[in-house]
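Visitor: Build me a model from this:
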Amino acid sequence: MDAKEFWDTLKGEGCLTPRFREELIHLYGERGEKAALSLEKKMVKKYRDFMVVVGASGEYIVEGDFCTCHDFMFRGRCCWHILAVRLALLCGGVEEYDLWYQDTWAGPE
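Guide: Modelled structure (predicted):
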């Protein structure tokens with residue numbers, strides 16, 4: 001199964017079954033494994049303005065195929081945060097907040 005077929009099939013299925021989890025890891029390796037774990041731990045948040053994934057060293061904004069993490073910035077390719085958002089949106093694993101994410105940023109004191 002290629003990546004397009006995986007996402008199309010998962011969209012119809014609506015949940016990350018053990019078979020789909022294995023396929024995700026087969027396709028994306030460690031990134032796929034981290035994305036699956038983030039779904040289980042409910043690490044994807046939806047604010048009014050952004051989708052945010054809680055990572056090991058902070059929170060990362062994901063907007064479509066863009067992420068603010070170092071992996072994406074330096075390699076310019078799909079990171080596990082982007083995969084996590086895709087999974088959460090298709091499998092119902094998004095924690096929603098009725099807030100603007102930018103309002104959660106700490107301002108100068």
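Visitor: Leaving out sequence neighbours, find the closest residue to K42.
Guide: Spatially, and ignoring its direct neighbours in sequence, K42 is nearest to E95 (5.4 Å; Cβ to Cβ, 6 or more residues apart in numbering). Where C-beta positions appear, they are placed from N, C-alpha and C, glycine not excepted.
Visitor: And L99, by the same measure?
Guide: Y47 is the one closest to L99 (Cβ to Cβ, 6+ apart), at 5.6 Å.
Visitor: check contacts around that neighbour.
Guide: By Cβ atoms under 8 Å, 6 or more residues apart in numbering, the residues touching Y47 are 97, 99-101, 104.
Visitor: Can you point out the buried residues in the helix or strand bottoming out on mean pLDDT in the chain?
Guide: Using mean pLDDT, DSSP states H and E, the weakest-scoring helix or strand in the chain turns out to be helix 70-75, at a mean of 90. Using 16 or more other Cβ atoms under 10 Å as the test for burial, helix 70-75 gives 71-72.
Visitor: Stretch 85-105 too?
Guide: Within stretch 85-105, the residues that qualify as buried by neighbour count (16+ other Cβ under 10 Å) are 85-88, 90-91, 93-94, 101.
Visitor: Pick the one among those residues closest to A3.
Guide: A3 lies nearest to R86 out of the buried residues of stretch 85-105, by Cβ to Cβ, at 10.4 Å.
Visitor: Which residue, neighbours along the chain excluded, lies closest to the closest one?
Guide: Computed as Cβ to Cβ, 6+ apart, the closest residue to R86 that is not its neighbour in sequence is W7, at 6.8 Å.
Visitor: right, and the one you found touches L89 too?
Guide: No. Using Cβ atoms under 8 Å, W7 makes no contact with L89, being 10.6 Å away.
Visitor: Give me the residue at the spatial middle of this protein.
Guide: A84 (2.1 Å; Cα atoms, centre = their mean).
Visitor: which stretches of this protein have low pLDDT?
Guide: The chain contains residues with pLDDT under 70 at 106-109.
Visitor: one step back: nearest to E59 among the buried residues of stretch 85-105?
Guide: Closest approach to E59 among the buried residues of stretch 85-105 (Cβ to Cβ): Y101, at 8.5 Å.
Visitor: No further questions, thank you.
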